[in-house]
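*Asks:* no sequence for this one, just the structure:
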């Protein structure tokens, strides 16, 4: 599976730092809505917090 970002969210996605965009794309996610993007970002933050504990 390849990651997909809805073209309507492309501007918001492209405004993210390159490392964060690469992390999102590496997860093979399907992002249709802003809520989908936020959910992926929350997962990344949660994983970062768990690895730092």
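*Replies:* Structure's in. What do you need? Quick caveat: nothing in here was measured; it's all calculated off a predicted structure.
*Asks:* Identify all contacting residues around stretch 11-26.
*Replies:* 3, 5, 31, 34, 37, 40, 41, 44 (CB atoms under 8 Å, 6 or more residues apart in numbering). In short, each C-beta sits where N, CA and C put it, glycine included.
*Asks:* let's see it at 6 Å
*Replies:* Outside of stretch 11-26, the residues that reach it under the criterion CB atoms under 6 Å, 6 or more residues apart in numbering are 3, 5, 40, 44.
*Asks:* so how far is the strand or helix carrying residue 37 off the chain centroid?
*Replies:* Per DSSP states H and E: residue 37 is located in helix 34-51. Centroid displacement of helix 34-51 relative to its chain, using CA atoms, centre = their mean, to the nearest Å, is 7 Å.
*Asks:* again, but for stretch 27-36
*Replies:* The answer for stretch 27-36 is 7 Å, by CA atoms, centre = their mean.
*Asks:* What lies in contact with that stretch?
*Replies:* 1, 3, 4, 5, 6, 37, 40.
*Asks:* Of these, grab the buried ones for ChimeraX.
*Replies:* To isolate the buried ones among these in ChimeraX, judged by 16 or more other CB atoms under 10 Å, type:
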select :5,37,40
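*Asks:* and stretch 34-46, average pLDDT?
*Replies:* Computed over stretch 34-46, the mean pLDDT rounds to 97.
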